[in-house]
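S.K.: the following comprises the amino acid sequence and a computationally predicted model.
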Amino acid sequence: MAPVRYRSTRGDVEGASFEEVSISAVARTTPHRGRGAAGVAHTKSGHLGMQPVACVTDAAGSPAMRPAPPARARAARISIERIGEWFAESAITTHTLQVVLGGLAPDRGLYVPDSIPTFTAAEVEAMRNYSFPQIGRVARRDARRGHPACATSYVCRPPHHTTMAPVRYRSTRGDVEGASFEEVVLGGLAPDRGLYVPDSIPTFTAAEVEAMRNYSFPQIAFRIMSKYIPTEEVPAADLEDIINRSCTAFRDPGVTPVVKTGDCWTMELFHGPTFAFKDVALQFLGNLFEYFIDKKEGDAKRLTIMGATSGDTGSAAIYGLRGKKNVHCFILYPKGRVSLIQEQQMSTVPDSNIHCLRVEGTFDDAQDIVKAAFMDTEFRNKVRLGAVNSINWARVLAQMTYYFYSYYRVTDQAKGVKKVSFSVPTGNFGDILAGFYAKKMGLPVGKLVVGTNENDILHRFFSSGEYAKEQIATSISPSMDICVSSNFERYLFHLFGDDPQKLRALMEAFEGSGDPVTNSVGVGKSRSLKVTPQLLKKAREDFLSERSNTEETLALIKEYNEVHGYLYCPHSAIGVVAVNKLGLNNESMVVLATAHAGKFYDAVKRVVDPLPPLPPALAAVQSLPMRKTDVPNSLKACQNIVLQRIGLQKQPPSVLYIVVPLLVLALGAASFYSF
C-alpha cells in the first residue's frame with residue numbers, strides 16, 4: 001500500500017504531506033494565570049506536526065507570540081499532552097490558544113486523505129487490550145505512512161505494556177525465585193548451578209501473531225522482548241534504542257533474510273560482523289551489559305565477562321563487547337580445535353578490554369573452567385563476573401526474533417503453508433531452544449529438527465531418551481564438537497513440568513555431584529540420565545533429530561553448490577542432511593544457516609574447487625597481528641590471569657627480570673675470581 005497523501009475537498013490541492021495538513025486546531029481554555037494554565041488542544045489527527053507556532057492571547061485579548069515548544073516537539077512527535085505540558089511550564093496567562101501550521105487548504109477547502117487505510121479483522125482484534133494512547137499510535141502511524149511495513153521502529157513502537165504481571169525469573173534447580181531481568185543478564189549462571197528461566201512463558205494470540213506480519217525485524221524483537229523485560233527495568237524507549245543499535249551492525253536490512261534453496265528455505269544468520277548466527281544475540285547482549293553497568297556506581301560499575309567458545313561464540317562476543325565501557329571480556333577456546341579464521345577473528349581485535357585465552361584441552365574443558373569460576377563465590381563477587389555463553393538468558397531471548405521473522409517471510413511466499421518447521425544445526429541447544437520458546441509463545445511452528453554431527457548426545461536423547469556423555473570426536477564442524485549441551489537443562493526443566501527438585505536430582509547425579517537417583521521423570525547416574533518413555537514421547541511431539549557424519553556433510557555441500565548454486569558451511573549443511581534423512585525437505589521447512597561458508601574453507605575446499613573469494617571483512621583478518629595467551633587446563637591459572645588483567649592482582653615478575661640480574665652477578669663473580 002502506497003503512503004497516504006492528502007488533498008483538498010475543493011480540488012486545488014493534491015499530494016500534500018502529513019506535516020502540511022496535520023495542525024488545524026483551536027483550543028479554548030478558561031482564564032488561568034501562571035504555571036498550570038494549560039488547555040488541551042484537539043486536532044483532527046490527534047497529533048501535532050513539526051515545529052508549530054503558538055499564538056497565545058493574554059487575559060486582555062492581546063496576542064503574545066511564543067516560539068514553538070523545545071526540541072522534544074520535533075518531527076511530528078509532539079503529542080497533545082506534551083503541548084499542554086509546555087504551556088503548563090510557561091508563566092504566561094492563556095485565554096485562547098491557536099496552534100497554526102496548516103489549517104485550511106489554500107482553496108478554502110478542508111484536507112482529506114487520498115485513501116482511507118484499513119485494518120484487517122485480525123489487526124482489529126490484536127488491539128483489544130491496547131490502551132487508548134496505544135490505539136492512537138497505530139492510527140497515527142497509518143495516517144503518516146499508509147501501512148505498517150512503511151513505518152520504522154522509531155515511528156511505530158508496538159505496545160510495551162500488557163495486562164500480564166511482569167515476568168520474573170527463577171533457577172531450574174529451585175534455589176532462586178523472583179530474580180529481575182537485570183540480575184539474570186548480569187549473573188548468567190544461577191548461584192545453585194541452575195539456569196535462569198522465566199517464571200511463566202508469555203503468549204501471543206493468533207491475531208497478535210498475524211498483526212506483526214509487516215513489522216520490521218527490530219519491531220518484532222521489541223514486541224517479543226517487551227513481554228520478558230519489565231519497563232521498570234528498561235523503559236520502552238531505552239529498549240527500542242538498544243534493539244535498533246544492535247541491528248545496525250548487520251549488512252542485510254532484514255538482519256536474517258530467508259532464501260529458497262531447492263525445495264526448502266534457508267535462513268541466513270551470517271550477516272553480522274563475525275558472519276555467524278551468534279551475532280544476533282551478542283550484539284544485543286553487549287549493549288545490554290553496557291546499559292546496566294552505566295547505571296551503577298562505585299565498584300559496581302564494572303563487569304568481567306568469562307566465556308568458553310568452540311569458535312563462533314568467542315568472536316561474536318568479542319565484537320559485541322569490544323570497546324564497551326567498564327567491561328573486560330575473557331574468551332577461552334581450545335587450542336587446535338577452532339578453525340584458523342575463527343581464531344584470527346578473535347585474536348586480531350586490538351581493543352584493550354578484550355583477552356583471548358587459548359586452553360590446552362577441549363571445548364568442554366574450557367567450559368568447565370568457566371562454570372567453576374562462576375561457582376567460586378569469592379572470585380565471582382570480586383571480579384563481578386558475567387556470562388556471554390548461551391547459558392545467558394538474554395541470548396535465547398534475542399534469538400526468538402528470527403523464528404518469527406522467518407515464519408512471516410516464508411508464509412508471505414508459500415501461501416499454502418500454515419505451520420513452519422525449522423532444522424537447526426545443534427551443539428549447545430541454545431539456538432533451537434529459542435525456537436521452542438517461540439512455539440510456546442504462539443508462533444505456528446511444526447517440528448523442530450535437531451541436526452548433530454558425530455558428537456550426537458542430543459540425537460541419542462531424542463532417539464532413546466538417554467542423555468549420556470561421551471568423548472568428543474573432532475569433526476569438520478568444530479562449533480558443534482560438544483559432548484554436553486549447556487542449554488539442554490532449560491528444556492529438561494520444562495519437560496519435567498517445571499519441577500526444579502526432580503530436575504536437580506537428575507542433573508546432580510549426571511554431573512557426579514549427587515548420588516544416583518530414580519524418580520518419576522527418569523534415572524540419573526554419573527555421566528548419564530534417562531527419561532521415562534512417556535516423557536520421550538512428549539519430547540518427540542516438538543522435536544525430531546538426525547545425525548550427519550563427515551562424508552554425508554561434504555556430499556551435501558558439493559551437491560547444493562553444483563545443483564542449486566548455494567554454498568553451505570559444514571554446520572549449516574548438517575541441517576539439510578537431517579531434513580533429507582527425515583523426508584521433510586519441503587516448502588514448509590526452514591534450515592538455519594548458522595555461519596558463512598568462508599569461515600570453514602579448509603573443510604569446504606575438499607569438495608568445492610575453485611572456492612569463491614572470501615568476503616572482504618573475513619579476508620582482512622588474515623593479515624592482522626594476533627594477540628592471545630596460552631594457558632593450561634587449570635581454573636586457578638585462568639583466574640590469576642583475569643585478576644591480573646583487570647588490575648586486582650599484581651602480575652608476577654617476568655622471567656627476564658629474574659634471570660638477567662642473576663647472569664650479571666654470575667659473570668661478575670667469574671671475573672672477580674679470574675684475577
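M.R.: Perfect, thanks for sending it.
S.K.: longest helix in the chain, please.
M.R.: Ranked by residue count and defined by DSSP state H, the top helix of the chain is helix 393-413.
S.K.: now that one: average pLDDT?
M.R.: Mean pLDDT, helix 393-413: 98.
S.K.: what of stretch 312-324?
M.R.: Mean pLDDT, computed over stretch 312-324, is 94.
S.K.: okay, buried residues for the longest helix of the chain please.
M.R.: Across helix 393-413, burial judged by 16 or more other Cβ atoms under 10 Å covers 393-411. Glycine gets a C-beta too; all of them are placed from N, C-alpha and C.
S.K.: pull the number of nearby residues for D602.
M.R.: Per other Cβ atoms under 10 Å, the neighbour tally for D602 reads 12.
S.K.: do the same with E562
M.R.: When neighbours are counted by other Cβ under 10 Å, E562 registers 11.
S.K.: quick one: it and G262, what's the gap?
M.R.: Noted for E562: a distance of 12 Å to G262, by Cβ to Cβ, to the nearest Å.
S.K.: residue ranges with poor pLDDT in the protein?
M.R.: Scanning the chain for pLDDT under 70 picks out 1-2, 19-103, 122, 125-126, 129-131, 133-134, 136-164, 651-675.
S.K.: tell me which residue is most central in it.
M.R.: Closest to where the C-alpha atoms of the chain average out (Cα atoms, centre = their mean) is A398, at 2.5 Å.
S.K.: so that one touches L288, yeah?
M.R.: No. Using Cβ atoms under 8 Å, A398 is not in contact with L288; the gap is 9.1 Å.
S.K.: okay, and the common contacts of those two?
M.R.: Common neighbours of A398 and L288, counting by Cβ atoms under 8 Å, 6 or more residues apart in numbering, are absent.
S.K.: run through who's touching stretch 497-513.
M.R.: 170-174, 192, 194, 467, 469, 489, 492-493, 496, 514-517, 519-529.
S.K.: 7 Å - rerun?
M.R.: 171-174, 489, 492-493, 496, 514-517, 519-522, 524-529 (Cβ atoms under 7 Å, 6 or more residues apart in numbering).
S.K.: alpha carbons of it, as PDB, please.
M.R.: This file holds the C-alpha atoms of stretch 497-513, laid out as PDB (Å, rounded to 0.1, in the frame of the first residue of the first chain):
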ATOM      1  CA  GLY A 497       6.700 -30.000  34.300                       C
ATOM      2  CA  ASP A 498       8.800 -27.100  35.600                       C
ATOM      3  CA  ASP A 499       9.700 -29.100  38.600                       C
ATOM      4  CA  PRO A 500      13.100 -28.000  39.900                       C
ATOM      5  CA  GLN A 501      13.600 -30.700  42.500                       C
ATOM      6  CA  LYS A 502      13.200 -33.600  40.100                       C
ATOM      7  CA  LEU A 503      15.500 -31.900  37.600                       C
ATOM      8  CA  ARG A 504      18.100 -31.100  40.200                       C
ATOM      9  CA  ALA A 505      18.300 -34.600  41.500                       C
ATOM     10  CA  LEU A 506      18.900 -36.000  37.900                       C
ATOM     11  CA  MET A 507      21.400 -33.200  37.000                       C
ATOM     12  CA  GLU A 508      23.500 -33.600  40.100                       C
ATOM     13  CA  ALA A 509      23.600 -37.300  39.600                       C
ATOM     14  CA  PHE A 510      24.600 -36.700  35.900                       C
ATOM     15  CA  GLU A 511      27.400 -34.300  37.000                       C
ATOM     16  CA  GLY A 512      28.700 -36.600  39.600                       C
ATOM     17  CA  SER A 513      28.000 -34.200  42.500                       C
END
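S.K.: centre of the chain to that stretch, how far?
M.R.: Centroid separation for stretch 497-513 versus its chain: 28 Å, with Cα atoms, centre = their mean, to the nearest Å.
S.K.: same check on stretch 258-277?
M.R.: Stretch 258-277 has its C-alpha centroid displaced from the chain centroid by 16 Å (Cα atoms, centre = their mean).
S.K.: paired strands for the helix or strand following the longest helix of the chain, with orientation please.
M.R.: Next helix or strand after helix 393-413 toward the C-terminus (DSSP states H and E): strand 420-425. According to DSSP bridges, strand 420-425 forms sheet pairs with strand 445-452 (parallel), strand 589-593 (parallel).
S.K.: ok and the longest helix of the chain relative to strand 420-425, angle-wise?
M.R.: For helix 393-413 against strand 420-425, the angle by axes from the mean of the first three to the mean of the last three Cα atoms, to 10 degrees is 130 degrees.
S.K.: what comes into contact with helix 393-413?
M.R.: 169, 184-185, 196, 212-213, 217, 220-221, 224-225, 228, 256, 258, 265, 267, 269, 280-281, 284-285, 288, 390, 417, 420, 422, 430-431, 433-435, 437-438, 443-444, 590.
S.K.: excluding its backbone neighbours, what's nearest A372?
M.R.: Of all residues not flanking A372 in the chain, L635 sits nearest, at 4.8 Å (Cβ to Cβ, 6 or more residues apart in numbering).
S.K.: need phi/psi at that neighbour.
M.R.: When read as degrees, to the nearest 10, the backbone of L635 gives phi -60, psi -50.
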